[in-house]
Each structure stands twice: as C-alpha cells, then as structure tokens.
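A predicted structure for the sequence below; I have some questions about it.
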Amino acid sequence: MTDAKSYRLDDQIGYVLRRVTQRHLAIFAAAIPEVTTTQFAVLARLAEIGPQSQNHLGRETAMDAATIKGVVDRLAKLGYVATSADPADRRRLTVRLTEAGERLFVDRLPTALSVSAETVSPLTPEEALLLKDLLLRLT
C-alpha cells in the first residue's frame, strides 16, 4: 500500500498541464477576446485546409462530435463560419470560413503567435521547442 503522503499534487503531470493550460487560456482571453482558444483552433484549421465536413473538422481539431457541433454553431452565430449541406451527401454538413472569419483569423494571427510566445516565455527558445516536441510525443 502506498502512503497517502507520498502523493504530491504538484508532481502530477495532469495537474501541471492543467495549470499551464489555465495560464495559456488567461493570456489568450486577454489578447483575443472575440473567440475562445477552441474556436480559434477551428478558424485556424479552416484557414489551413479549407472547407471541411463538420465531422472531419472535429477530427482535425481533436474535438468529439458534440464539441465540434457546439463550436461550429457558436462560430456561425458570430458570423465567422458558414455551414451548408454537402451536395453529394445531404446528411454531411460542410463548414467554411466566412469573410469575417478569415479577416478575424488573419488580423489576430500575429496576436495568437505572441500568445504562444508569452505562454512559454519563462523558458529559453531551446527549452520551449523541447517542451513542444515532448508534448507532441504524448499525443
């Protein structure tokens, strides 16, 4: 049996990752108040790969079906994306950036890059790259 005192919360990777995520979310929200990080990820992926089925977009942004639906619905209400039925399969919903969504993404891209830089600012550039590489190995 393990002694309860041997479990130190600050040594647990999940706890540390959550704290880092909270810090990043706060930095992002202060810098880009128009959308959430999750919404910005959808805009970024659509800017990168173009119109996608909602299902594929969810996979491309690591969101389950319910989450991507909610994110797309909110972005559509904000006027940043538009949806349409796929002509080949009316059950499939295609999502694309609107002009407003593309403009927001392009205008906020330098800010988003600075948010990422600020998030890792306590690290050297080499440490920041190593951290990203190590985290990618965990995905």
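That came through fine.

how close does the closest residue to Glu60 other than its chain neighbours get to Pro110?
Leaving aside its chain neighbours, Glu60 sits nearest to Arg45 (5.0 Å; criterion: C-beta to C-beta, 6 or more residues apart in numbering). Placement of C-beta: from N, CA and C, glycine included. Using C-beta to C-beta, to the nearest Å, we find Arg45 at a distance of 18 Å from Pro110.

of these two, who's got more company?
For Arg45 versus Pro110, the count of surrounding residues by other C-beta atoms under 10 Å is larger for Arg45: 19 against 9.

what's the helix or strand for that one?
Counting by DSSP states H and E, the element that carries Arg45 is helix 37-49.

give the next helix or strand downstream of that helix.
Sequence order places strand 52-53 as the next helix or strand after helix 37-49, per DSSP H and E.

residues of the helix holding Arg45 that come out buried?
38-46 (16 or more other C-beta atoms under 10 Å).

show the average pLDDT along that helix.
Average pLDDT, helix 37-49: 98.

what strands flank the lowest-mean-pLDDT helix or strand in the chain, and is each parallel or antiparallel?
Least confident helix or strand of the chain, by mean pLDDT, DSSP states H and E, is strand 89-97 with a mean of 89. Strand 89-97 sits in its sheet next to strand 52-53 (antiparallel), strand 81-86 (antiparallel), going by DSSP bridges.
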